[in-house]
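> what's the 3D shape of this:
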Amino acid sequence: MTVSAGSAGWYLRRLSRMGPREVGGRVGDAVRRRRWRSGLPDCPSVTGARFTAALPAGTVAAVPPDAAKRLLAEADRLMAGHAVYFGVDRDDLADPDWRYDPKTGRRAPRGYAFDVPYRDEDAVGDVKQIWEPSRHQYLTVLAAAYAITGDERYAERVAGHLRSWWAANPPLRGVHWTSGIELGIRLLSWVWIRRLLDGWPGAAGLFEGNPAALSQIWHHQRWLAAFPSRGSSANNHVIAEAAGQFAAACAFGWFPSSARWRADALRSLERHLRSNTFRSGLNRELATEYHGLVLELGLAAVAEADAADVPVPASIRLVLLRMTDALAAIVDSRLRPPRQGDADDGHGLVVDGAGGNRWASLLATGDAVFGRLPWWPAVSGADVRTPLLAALIRPAAPAAARPASRPGHFADAGLTILRGPKEIWCRCDGGPHGFLSIAAHAHADALSVEVRHDGVDVLADPGTYCYHGQPEWRQYFRSTLGHNTLRLDGGDQSVSGGPFLWTRHAKSRVLVADTSDASDGGTARWCAEHHGYRGAVHRRRVELTAAAKELRVVDEVRGRHGSRRAVHLAFHLGPAIAADLVGNRALLTWTRDGEDRSAVLDLPGQLCWRAHRGESNPPLGWYSAGFGRKEPTTTLIGAGFADAAAPLAEYTTVLGFRG
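This is a model prediction of the structure:
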């Protein structure tokens, strides 16, 4: 069933997931929006404003040459007007139309911001395509290019685009004033643009000496103070709002309300970093890209605090330390983390060119700020962001115990990593469905597995692809059938009430998690179950055996059913994998670094197996490497029935790696 946001039924379902306090807060928001419609206050007069949060001398000289080279190549592409956003090649960034969506050809309407139906693609276009350039993270790249080269062409382009944006998007007018996360990230970008342009003669006149800039900065902060994400929506959005508000109140502390905004944002940031993060350090949304986004935002906020000599609670640094250690623990041999939950390519701070490894960059920053542990993976390559952040953040690790060896099981998050010989990496999912009552960025993926060999996706999580405007694709990529797990009776384990709303959550629990390193000749084991299907329990056992280089997956459907129940078991192969399916055996082949690799996948004989690739009606056999992008891949689906009379149906799959 496709469920759209914005219908009367959706509003009722959404309301049902709120508590009384959240409802009261949202009523207050509605009253405030109506009151703000009648007119805007003027930005307070500012005199004698100075920017004092510059980078320390010598910081830019510490940027590695390879990283600087990638940055300048990206900056030159941007100067030529070229950029890629969510799979769409754009050539119009020399002089952007800030309301234009090149994917649909639509332009978002003008008018009072809270009247803009930004979720309606027919009225607005693809709002992600419109919002992304206006995060101004491409301008932080150009500003970084100026800081490295001193070439004023970059600074002048940044200044021209900021003046254009400020003129085209007055406070509370249009689509760029509808979402707090956009305002928060944009403020953080402006702080870094001002910092990176500090040596340019026009920097002060662009920012602190510019009434239009002052008005925009003030109104952005006023908006964020008035309309925080709350209750069931207090996920990564509220952290972006608080981090952006805090950064601006530190670096642009020129207004009568700056001290209050700074204190309130810091309290919000501390509270929500803790509430959004398991004690193990993993992000509670169980969506790996949002772990990266929140970590980037948190580090950027601490950098602003230290640059402004604003004390931050020790708990903030402790959460960021735990998040960094957790990231180091879960990445594979190529420093890729799991592809779990939603992903929309969102970043907190962008000052690097294309071609870098985001996760290596975060680990490099973690090393500079907290210090690496002996078991951390080696980080190769270099980035621009690490030396910039490290120059501002005081490297004082919180007094906290850190893992003595590489963790493989995160009990609070229900995430387990099994590792074997030849860089075999297997993620097993037995955790909560998602975060808060709506679990906005969760997928119906309980007990799913993800398997890589030397960093190559063999059994892959297909990804996310889209949020708005294509409900059949949004439904597929977050569905149970869209993951490497078992579907019963044709339905998802959890019940969707909309594209960012789940009204019933499958409950999972891990029964066994023995993460002994199978590369030492032993066997790593995992077992978990969930109760998402009425009248039945799905239990899965996984064993990774070193000697055989073999992964065994046993699925059980437990419970007397009363009638036959349809079973579908899905295995999604990575896009690099070729598959030859004969009966219930598939030969898998791929190439890595010029070397041919192969594996055999023996599938349960009780089911009838078919290979699907690039099908659209309904969607099946797709892989999304990034938001807005998808490519055909092979999905193997086994179909059959669980016997009504039997209390247990068992299905065994064996993946054996050759060579």
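> Please enumerate the helices of the stretch 451-600 of the chain.
471-477 (DSSP state H, counting those that start in this stretch).
> same thing with the stretch 151-300 of the chain?
152-168, 180-196, 203-206, 211-226, 236-251, 258-275, 288-307.
> Now the shortest one: average pLDDT?
Per-residue confidence for helix 203-206 averages out to 98 on the pLDDT scale.
> how much space is there between residue 529 and residue 538?
From residue 529 over to residue 538 the distance is 6 Å, taken as Cβ to Cβ, to the nearest Å. Where C-beta positions appear, they are placed from N, C-alpha and C, glycine not excepted.
> can you check residue 229 too?
Distance from residue 229 to residue 538, by Cβ to Cβ: 34 Å.
> Which of the two has more residues huddled nearby?
residue 538 (26 against 22; other Cβ atoms under 10 Å).
> From residue 570, how far off is that one?
13 Å.
> Find residues that contact each of the two.
Residues within reach of residue 538 and of residue 570 at once, by Cβ atoms under 8 Å, 6 or more residues apart in numbering, are 485, 486.
> what about the helices in the stretch 1-150 of the chain?
In the stretch 1-150 of the chain, the segments counted as helices under DSSP H, counting those that start in this stretch are 8-16, 20-36, 65-79, 121-124, 127-131, 137-149.
> Looking at those, which is nearest to residue 87?
Distance to residue 87, taken as Cβ to Cβ, is lowest for helix 127-131 among the helices of the stretch 1-150 of the chain, at 9.8 Å.
> quick one on the thing from earlier: a markdown table for the helices of the stretch 151-300 of the chain, including mean neighbour count?
Formatted as a markdown table, the helices of the stretch 151-300 of the chain follow (neighbours: other Cβ atoms under 10 Å):
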| stretch | mean neighbour count |
| --- | --- |
| helix 152-168 | 18 |
| helix 180-196 | 26 |
| helix 203-206 | 18 |
| helix 211-226 | 20 |
| helix 236-251 | 28 |
| helix 258-275 | 19 |
| helix 288-307 | 25 |
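> any chance of those in TSV, plus distance to residue 650?
Shown next, in TSV, are the helices of the stretch 151-300 of the chain (distance: least, Cβ to Cβ, whole Å):
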stretch	distance to residue 650
helix 152-168	60
helix 180-196	45
helix 203-206	67
helix 211-226	54
helix 236-251	39
helix 258-275	40
helix 288-307	31
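> Looking at those helices, which is nearest to residue 606?
Of all the helices of the stretch 151-300 of the chain, helix 288-307 comes closest under Cβ to Cβ, at 33.6 Å.
> Report all helices and strands that the closest one contacts.
Here helix 288-307 touches helix 180-196, helix 236-251, helix 258-275, helix 314-330, helix 358-370, helix 385-392, going by 3 or more Cβ pairs under 8 Å, 6 or more residues apart in numbering; DSSP states H and E.
> so the last one versus helix 180-196, what angle?
Right, helix 385-392. 80 degrees (axes from the mean of the first three to the mean of the last three Cα atoms, to 10 degrees).
> Contacts only, for the closest residue to residue 109 other than its chain neighbours.
Spatial nearest neighbour of residue 109, chain neighbours left out: residue 116 (6.1 Å); criterion: Cβ to Cβ, 6 or more residues apart in numbering. Residue 116 sits next to 108, 109, 124, 174, 175, 178 when contact means Cβ under 8 Å, 6+ apart.
> who's in contact with the residue nearest to residue 172 when sequence neighbours are not counted?
Leaving aside its sequence neighbours, residue 172 sits nearest to residue 113 (Cβ to Cβ, 6+ apart; 4.9 Å). Residue 113 sits next to 172, 173, 174, 175, 176, 177, 178 when contact means Cβ under 8 Å, 6+ apart.
> Over to residue 578?
588, 589, 590, 634.
> Quick check: the third one vs residue 577, distance?
Going back to what we said before, that points to residue 590. 5 Å.
> Between these two, point out the one with more neighbours.
residue 577 (24 against 21).
> so how many other residues sit close to residue 367?
18.
> follow-up on the earlier one: among the contacts of residue 113, which one lies nearest to residue 32?
residue 172 (11.6 Å).
> That closest one and residue 115 touch, don't they?
No: taking contacts as Cβ atoms under 8 Å, residue 172 lies outside contact range of residue 115: 10.3 Å.
> Compare those two (neighbour count), which wins?
Per other Cβ under 10 Å, whichever of residue 172 and residue 115 has more neighbours is residue 172, with 19 against 12.
> Residue 304 versus the spatially closest residue to residue 59 that is not a sequence neighbour, what's the distance?
In this structure, residue 59 finds its nearest non-sequential neighbour in residue 391, 4.1 Å apart by Cβ to Cβ, 6+ apart. Separation of residue 391 from residue 304 (Cβ to Cβ): 13 Å.
> cool, residue 527 as well?
In terms of Cβ to Cβ, residue 527 sits 45 Å off from residue 304.
> next one: residue 343
26 Å.
> before we move on, what about residue 53?
On the measure of Cβ to Cβ, residue 53 and residue 304 end up 7 Å apart.
> and residue 545, how many residues sit next to it?
The burial count for residue 545: 19, using other Cβ under 10 Å.
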